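> I would like to see how this sequence folds:
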Amino acid sequence: MVLLRDRWKRKEPVTGADLDDATRGVIRAAGFGDYFPHRTGHSIDRDLHGSGPHLDNFETADERALIPGVGFSIEPGIYLPGRFGIRSEINVYLAESSPR
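I've put the predicted structure just below:
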């Protein structure tokens, strides 16, 4: 299995859909796939909230490449009906050398 980190280091394209699939795979493997009903994240930029690539292969398949200079959120959420829900947000900026 090729890790997305390795693809990034080799300067191969990584899309928002790729990151959504990777996140969703971890959540599915933990047994919570049915309880993650939204995309993983959205783009963040200075001019307009959400105009760049989204981390999404659930609501739409975002095949735009994540390139240096873009920002995005990573917001997985698990919602257990009648019990509770939790969502965590991490904001990422893609620098030339690595994500920050």
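
> surely Leu94 meets Ile67?
Yes: the pair Leu94 and Ile67 qualifies as a contact (CB atoms under 8 Å) at a distance of 6.9 Å. (C-beta placed from N, C-alpha, C; glycine too.)

> please say which of those two ends up with more neighbours.
More neighbours surround Leu94 than the other of Leu94 and Ile67, with 17 against 13 (other CB atoms under 10 Å).

> who's in contact with that one?
For Leu94, the set of contacting residues under the criterion of CB atoms under 8 Å, 6 or more residues apart in numbering consists of Leu66, Ile67, Pro68, Gly69, Val70, Gly71, Arg100.

> by contact count, what packs against the worst-scoring helix or strand of the chain on mean pLDDT?
Least confident helix or strand, the chain: helix 4-9 with a mean of 82, by mean pLDDT, DSSP states H and E. With contacts taken as 3 or more CB pairs under 8 Å, 6 or more residues apart in numbering; DSSP states H and E, helix 4-9 sits against helix 16-29.

> what's the average pLDDT for the next helix or strand after the helix it packs on?
Once helix 16-29 ends, the next helix or strand along the chain (criterion: DSSP states H and E) is strand 43-44. Model confidence over strand 43-44, given as mean pLDDT, is 92.

> give the pairing partners of strand 43-44; include direction for each.
strand 71-74 (antiparallel) (DSSP bridges).

> hey, C-alpha coordinates of the partner strand in PDB?
What follows is strand 71-74 as a C-alpha-only set of coordinates in PDB (Å, rounded to 0.1, in the frame of the first residue of the first chain):
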ATOM      1  CA  GLY A  71      -5.000  25.300   3.400                       C
ATOM      2  CA  PHE A  72      -7.700  22.900   4.500                       C
ATOM      3  CA  SER A  73      -9.400  21.500   7.600                       C
ATOM      4  CA  ILE A  74      -9.400  17.900   8.700                       C
END
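
> hmm, who's touching it?
Counting by CB under 8 Å, 6+ apart, strand 71-74 makes contact with 16, 19, 23, 40-45, 52-55, 66, 89-94, all of which sit outside it.
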